[in-house]
Each structure stands twice: as structure tokens, then as C-alpha cells.
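Peer 1: quick one, fold the following:
(3 chains)
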Amino acid sequence: MALQLPAVLSGSLTLTGAPVYLTPGRDWTRNLQAAQVFGASEELEAALGWARTQEAVVCDPYAFSVDAKAELPTPISARERIRASGPTVGLARAS
Amino acid sequence: MYQYDAIDQRIVEERAAQFRGQVTRRLAGEITEDEFKPLRLQNGLYMQLHAYMLRVAIPYGLLSSKQLRMLARIARVYDKGYGHLSTRQNIQYNWPKLEDVPSILDDLASVQMHAIQTSGNCIRNTTADAYAGVARDEIEDPRPWCELIRQWSTFHPEFAFLPRKFKIAVTGAPGDDRAAVRFHDIGLRIVAGPEGEHGFEVIVGGGLGRTPFVGKVVRGFLPKQYLLSYLEAILRVYNVHGRRDNKYKARIKVLVDALGVEEFSRLVEEEWELIRDTSIDVTEQELARVKAFFIPAHYETLPSADSKLAAMKLGKNRDFGLWVGNNVTPHKVDGYGIVTISVKAPGKPPGDITDTQMEAVADLADRFSQSRLVVTHMQNLVFPDVKVSDLESLWRELVKLDLATANAGKLTDMICCPGLDYCALANATSIPIAEELGRHFDDMDYLSDIGEVSLKMSGCINACGHHHIGNIGILGIDKRGEEFYQLMLGGSPGNDASLGKILGPAFAKHEIVAAVGRVLARYLELRESSDERFIDAFRRVGAEPFKEAAYADHQG
Amino acid sequence: MRIIKDRQIAEDTWLHLDDETALPDSGDVTLSLERLRRDSGALGARKGRLGVRLRSEQLAADVGDLLEHLALVCVEFPKFTDGRGYTTGRLLRDRHGYTRELRATGHVLQDQLYYLARCGYNSFALAPGKSLERALDGFEDFSVSYQAAADSREPIFRRVTR
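Peer 2: Numbers count the residues shown, from 1 in each chain, chains lettered A, B, ... in the order given. Take a look at the predicted model:
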């Protein structure tokens, strides 16, 4: 299934597994709002290629679709929404 | 408890050291993530949605209080203060850092524990009946055999890179399968042979996931001294013939199905004939040693407490009575009971337990259960050896810990996978549905009226929550970025094994709990008596009346 | 190319011929199993030793009748997660009595060496770019093992008093 654009490029930090997102400055951020939104597939492919060389820092890079109409990067899938904001349920400790 | 000897201890220590080296090489860039992944997986380390996840092996679910205290410490020091009990009788931590994992493995080794082969395409933790050793209907304790399997399978050089993961379960209670042996790659039932001697019925090719199968009997009676050579023959046939081109068709169940059980059995028997009288098999002496390395429980000579238990159920303390009725199972020794500690408090993630709860439970195990406990595949804890006269004291302590929910075997004693809140594979959340079900069905009288019914829920078709074998199964799916839930009915894990069938179109997230409620209401209307369990009523009348009820208010 | 042989770093002295290149008159060569069967008539006349290269789906029994003529069996691991070669190694040693050089080739990494050695391999052509010196540590990961395998024919409980 072809990825629907626009999209954001993501991966998991090698040290902790935390989700991170690629910024326009080719840096990684924990903040989805600061992620680069790719509108063109060539650009995205190039960034993915670069991201795959970064596995000392970030593992398993991939792209996911975001809402074209939203102002800030807004994932279309429940998976990416939860991944960005953390578990929807309270942690056992907190209760 | 099986006590490690110097050899067992050396192996887990060397494993921790090996993994420390592998992590160092990964962080130094000497091995790639693709090369590291299978190595970390064989130490139970996954990459999940928000963080790494570490799965620690609890062989056949058996723990000492000392080990539980270490699990609590690991939760507090390296994680966010809790762990999750899994359906393989293991515990999972959701937030460890890669660089801490070698130290966690060192800590585990210090209490004779490890994370060896808790993931990866290898032989996983062998599970057993949670009541092993204390059940009245057991003919032989399966745990020494599980321990022999653990040792045989630990770093088995031939079977470290199988086509896919491989799970074995053992029960010594032929009359009541509490280990779901028909839904494992290999299920072993200890049965009595023609002369009354014990052996194994060997069941192969069961499993859940996207293509569920009930396992098939490959050998009706295997003299028990041949267990390891027979397992080796099965694994060898699988390693050579199992599919490696498609991971969704790589489990042994697909091979057994493709070859047919007769042909599969023929291949196994042919291989076994060539190795059965070599040195693989356990000696009488080694079996005796392993049995002796299980510290026996010490029982006082007490009168039968069956009538006392019956009186407790009807006593004036209703909450205690309900708990005794639902969570205490008769023990093989007079005066003792098997206590299920429900880790399914209403509105809490099923199977999640905090560091403070773990420490408190460890203290209670010291006081009331000879310092030992069992993690069950139902994601609960069991105290196997509690004196009936101690039950009320124990219950009062459990109440303080929010671990006295009297719902063992009832609707809200759900199996639930971590789902999309944690899992990288999931398509939908499952814990929020479990929490909502727990809150919705929190009336103990109603739950008691419904009686024995199992609800099992998975957040994707990989079926970690065993949804196919719940009397009521719920499967989370994704429809264009939204979570939906399929409802299935009629599954059963035990001797009457069956797979549930999907009732109809999936429900939206806000509809699913109400749909379960309507199914249960219909059951109460149509059952012939309060003795007719949900599954029996379903088998009698079929899916149609339940379907009608479930979709009565369905918005589509 | 350098390999590990008998737990030491050594130079690979064999010529690994594809199915088309003409057979040299002398020197040690390995061939695919298909070519070995096809050219069997011509092989007896030449000087030099013979070896075979098995792909991961080719099993011990497929080559069993030829073993007495072979001084090297190479088993390919296309990905190190393809574990068929472990069974092939054990069966070559245990069932077919092959005693000469058994080499793992392809995606062979440090962390498989312990398992491979236990399955009867004594020679290893590592994946490109991997340090052989470092990989030698892989044999030492564990000082004791539970099971019977090609290296120790008896499980731990028959080897020592526990």
C-alpha cells in the first residue's frame, strides 16, 4: 500500500526506544509538532535514505501519513496518535 | 521451586555477560540493528511503541518471594514502577533503557532468573497448569518435566533459529486442561497408559494468531522417559520442513496442516526411531535429581476443611464469602486451599502490578504460602499452599492492596494483551476496553449470576490476548485510522477446546461494551438453569440469538 | 580471503568454482552439488581435493552418498536467521559420520559461532566486514552446555554428576 502524503518521518531512539521525528534541519525531535511534513515523495525517499544511515542514534525509520488539512502535524492513524502522546491508560503506578 | 546448581547459575551469568558484550558492540556500531535485533529478541528485548520492552522468563510461572522482590526492585529502579503479567506466565517491563538491560539481567541472575528465549524464533518459556503440584485432579506434577524441557531447550544449538517462535505447555491433570495445551506448538498431557504407568499424549500444531488451529494428537502415549528425544525429533522435522518464505505461514501448525497429521507424525516417528535410544533422553537419576531440586512444600496434618470452606462462602462477611467462593480452589492436601489473587481490579489494566504490590505480595507469600507463588496464564497470581484457617487474614491483607477482587473465572477476569497503548504490532487499544468492561460489570451479584464465562481480548490478529478461545472474544481492528472491535463467541481453551466465531460486523469503540452486555443479558434469558454455563448455552442454541441481541441497537 | 578454522584465523586455500568456469587440473575446489553430480566423471582424473557447497535448502541426506570423496562441505546461511544449516551440520556429523572440514558460509556472525560449533562446524567464512579476531570470542560465550550435540555427544547430566 502506497503511503499517502503528506507524511512525517519517524524512528525510535536506539538508547531508549522513544519515538522521535525528523525536523526540517535533519535533526530528531521528541516533539511531533516540530517535525518536518513531507509533501513530495522524492524528498521523503531521500530523507529516509539518510535516516537509515543514522542507526547509532535512531532505529527502524519509517514514514506515516498526516492530515493534509491540519495546521500542525496530525497523524491519521490511531497508532501514531498514541505513539506521539503516550499510553491512553493510566500507568499502574499512578493509580 | 527448582533450585539452580552451579551449572545453571553459571549459564545465566554467562548469558548476561554475553548480552552486555552484544549491547556494547551495537552501540559501538560493530553490528547493525538488523543483526542486533534477533540477539536482543532472544533476551526478551523488543522495541515497542514508546520504548523498549523486556520480557523476563518465569519458568512455568513459579516464583519465590525473593524473586518477586527482585522483580519489584527492577520495576522501581529501571522502569516506571510496574510490570505486566503475560499469558506465558512471564512478566514484562514497558520502559527499560537499552544500556540498563545488561544490569537487569545481572540482577535477575542473582536470583536464579533470566530473560533467555522469551522472544525470537526459538523455543520459548514452557508453561504449565497454574495449579501444578497442588491440584486435586492432577496425576503427576508436570513441573520437573517443564524444568527438563527448559534445560534441554536453553541454547539448544540446533533450534536457536527456527522458522518461527515455538511454545510448549504441559499439564498433569488429564481431566481439566488449565494450560490450553491444544493451542500450543506442542501440548503435552501426562496420561496413564495401559499398565497405569504415566506417559505423554503429544499434541502438535495448535495455535492462535491469524490462522488458529486446535492441535492434533501426534502420539497418544509416549513413555515418559522418551520425552526429550521425541521433542528433538519434532523440532528437527519442523526446523527442516517449516516454511521460511512467509512468516505468516512459518508456524508448525501450518506445516502440520499442510502435510496432514498422519504424514507429519510419520516424519516425526521416522526421525525419532533414529535417535530414541541415543543419549538425549533423561536418565532415572537425572529425573530424580531435578525432582529433588524442587523444594517440597511442608504440610501440617490437618482435618479436611471442605465443610469449613463451604461455611465461609455463606458466612456473614459477604465480600469474604464471595472471594472464597470464586478465588479459592480445593487443594490436594486436607486443610489447605489454592488462592487466586486477581490482578484484575475493576478499571485497572489487567495483569499490571506495581512494585509496592509485588513487595507486599512477597511478604504475604512468606506469611501464608511457604514463600512461593505462581504467575498464571490468566495474568493472575496464585498462592498454592494457604491454610484454610489463614484465608481470612490473607484476604484482609489483599483487600488493602486492591488485590482481593473476587472475580476469578468470572467475566471481568479477562485476558487482555497490552494492545495499541504499548504494542508496536497492535491495530487497536485493548486495555481501555478492559477497563470499561471492569467498570461496567462491577456488580458482583450480577457477575455471580452470570457465573463462569471467559472474556479474552486482543488488539490485533496476532492474538496475544487469546481472543479465539474466549467464550467471548474481542478483537481490535483498524478501519481507516479508527479503532473497531469484532465480537466472537464460542471459544474454549480446555479439554472441550473450540475456536470462537465472529458474530458479525465490528463495533465502534463506544459500542462494544454495551454489545457484550446485551449478549450476556440474552444468555440470562435463554439459559435453562443457573447451572447452564454461557458456553453450554451457546453450544446448545448457536450464535443466532446472541447475534440478534448484540446488533439490536447497532448503528452500523 | 581469511576464515576461521579450528578456532584460528587462516587463509582460505580453496577455489570456489561457479557452475560454468572450467575445472582447473589441480588445486582444491568446491562445486555446487548440482555440478558435483553433473561432472562426477571428470573429477576422478584431476589432482587436488574436492568440496561441495550446499544451499540452505539442501540437506545432509542429499549429499550423503558423496561424502567419502569430499574434504570440505560448505553450508550456506543466506541470512543468519535461516537455521536449517544447524540441522544439516548435526546430521552430517552424527548420522553420516562426516569428519572432515565443515564450513559455514554466507551471513555468518560472531554470535552464531557457539551454536555452529556445537552443531559440528569447525570452519567459518564470516560475513564481509566482520572482525575475525573479535569473532573468536564467540566460541567462549558459554563454558558449559545442557544438551547433547555434535561436539559433546552426551547431555550435561550424563557428563557430570550434578
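Peer 1: from now on I want contacts and neighbour counts done on CA atoms only, so please keep to that.
Peer 2: OK.
Peer 1: pLDDT score for residue 95?
Peer 2: All of this refers to chain A. On pLDDT, residue A:95 comes in at 41.
Peer 1: that's the wrong chain, I meant chain B
Peer 2: 97.
Peer 1: just the one 10 residues further on next, same as before
Peer 2: pLDDT recorded at residue B:105 is 98.
Peer 1: number of residues surrounding it?
Peer 2: Here the number of neighbours of residue B:105 (other Cα atoms under 10 Å in any protein chain shown) works out to 24.
Peer 1: can you tell me the SS state at residue C:53?
Peer 2: Assigned with DSSP: H, G, I helix; E, B strand; the rest coil, residue C:53 falls in the strand class.
Peer 1: now swap in residue B:219 and tell me
Peer 2: Strictly by three-state DSSP, residue B:219 counts as strand.
Peer 1: now do the contacts for it.
Peer 2: For residue B:219, the contact set (Cα atoms under 8 Å, 6 or more residues apart in numbering or on different chains) comprises B:201-203, B:265.
Peer 1: can you redo the residues you listed as JSON lines with pLDDT?
Peer 2: Putting these into JSON lines (pLDDT from 0 to 100) gives the following:
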{"residue": "B:201", "pLDDT": "98"}
{"residue": "B:202", "pLDDT": "98"}
{"residue": "B:203", "pLDDT": "98"}
{"residue": "B:265", "pLDDT": "98"}
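Peer 1: among those, which lie within strands?
Peer 2: Among the contacts of residue B:219, DSSP state E puts B:201-203 in strands.
Peer 1: between those, which is nearest chain A?
Peer 2: residue B:203 (37.2 Å; Cα to the nearest Cα).
Peer 1: cross-check the contact I'm expecting between that closest one and residue B:216.
Peer 2: Yes - with contact defined as Cα atoms under 8 Å, residue B:203 reaches residue B:216; the gap is 5.2 Å.
Peer 1: mutual contacts of those two, please.
Peer 2: Residues touching both residue B:203 and residue B:216 comprise residue B:182, with contact defined as Cα under 8 Å, 6+ apart.
Peer 1: just send the ones in strands among the contacts of residue B:219 back as CSV, with distance to chain A too.
Peer 2: Formatted as CSV, the ones in strands among the contacts of residue B:219 follow (distance: Cα to the nearest Cα, whole Å):
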residue, distance to chain A
B:201, 41
B:202, 40
B:203, 37
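Peer 1: can I get the contacts of residue B:219 in CSV with distance to residue B:36 and neighbour count?
Peer 2: As requested, the contacts of residue B:219 are arranged in CSV below (distance: Cα to Cα, whole Å; neighbours: other Cα atoms under 10 Å in any protein chain shown):
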residue, distance to residue B:36, neighbour count
B:201, 38, 23
B:202, 35, 24
B:203, 34, 24
B:265, 36, 20
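Peer 1: and the nearest residue to residue B:537 once chain neighbours are set aside, how far is that from residue B:325?
Peer 2: Nearest residue to residue B:537, sequence neighbours excluded (Cα to Cα, 6 or more residues apart in numbering or on different chains): residue B:527, at 5.9 Å. Residue B:527 sits 22 Å away from residue B:325, going by Cα to Cα, to the nearest Å.
Peer 1: before we move on, the earlier item: pick the one among the ones in strands among the contacts of residue B:219 closest to residue B:334.
Peer 2: Set against residue B:334, the nearest of the ones in strands among the contacts of residue B:219 by Cα to Cα is residue B:201 (30.0 Å).
Peer 1: against residue B:70, how distant is that closest one?
Peer 2: Residue B:201 sits at a distance of 37 Å from residue B:70 (criterion: Cα to Cα).
Peer 1: what do you get for residue C:133?
Peer 2: For residue C:133 relative to residue B:70 (Cα to Cα), the value is 38 Å.
Peer 1: quick one, what contacts the closest residue to chain A within chain C?
Peer 2: In chain C, no residue comes nearer to chain A than residue C:129, which is 16.4 Å away by Cα to the nearest Cα. For residue C:129, no residue meets the contact criterion (Cα under 8 Å, 6+ apart).
Peer 1: please redo it, this time with the cut-off set to 10 Å
Peer 2: Contact analysis of residue C:129 by Cα atoms under 10 Å, 6 or more residues apart in numbering or on different chains lists B:30-31.
Peer 1: correct me if wrong, but it is in a strand.
Peer 2: No - counting by three-state DSSP, residue C:129 falls outside a strand, being coil.
Peer 1: just the strands in chain C please.
Peer 2: Using DSSP E, strands in chain C cover C:2-5, C:8-11, C:15-16, C:29-32, C:50-54, C:72-77, C:101-106, C:123-124.
Peer 1: same question for the stretch 101-250 of chain B.
Peer 2: Along the stretch 101-250 of chain B, counting by DSSP state E, counting those that start in this stretch, strands occupy B:127-128, B:168-171, B:186-192, B:198-204, B:216-223.
Peer 1: pick the most deeply packed of the ones you listed.
Peer 2: strand B:127-128 (a mean of 32; mean count of other Cα atoms under 10 Å in any protein chain shown).
Peer 1: neighbouring contacts of it?
Peer 2: B:58-62, B:87-90, B:141-143, B:145-146, B:150, B:167-172, B:177-181, B:184, B:187-188, B:376-377.
Peer 1: all helices of the stretch 201-350 of chain B, in order?
Peer 2: Here the stretch 201-350 of chain B has its helices, by DSSP state H, counting those that start in this stretch, at B:227-241, B:252-259, B:261-275, B:284-292, B:306-313, B:318-327.
Peer 1: JSON lines for these, including distance to chain C?
Peer 2: Formatted as JSON lines, the helices of the stretch 201-350 of chain B follow (distance: least, Cα to the nearest Cα, whole Å):
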{"stretch": "helix B:227-241", "distance to chain C": "6"}
{"stretch": "helix B:252-259", "distance to chain C": "15"}
{"stretch": "helix B:261-275", "distance to chain C": "9"}
{"stretch": "helix B:284-292", "distance to chain C": "6"}
{"stretch": "helix B:306-313", "distance to chain C": "42"}
{"stretch": "helix B:318-327", "distance to chain C": "39"}
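Peer 1: make TSV from those and add distance to residue A:68 to it.
Peer 2: Compiled in TSV, the helices of the stretch 201-350 of chain B are given as follows (distance: least, Cα to Cα, whole Å):
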stretch	distance to residue A:68
helix B:227-241	48
helix B:252-259	42
helix B:261-275	53
helix B:284-292	63
helix B:306-313	61
helix B:318-327	53
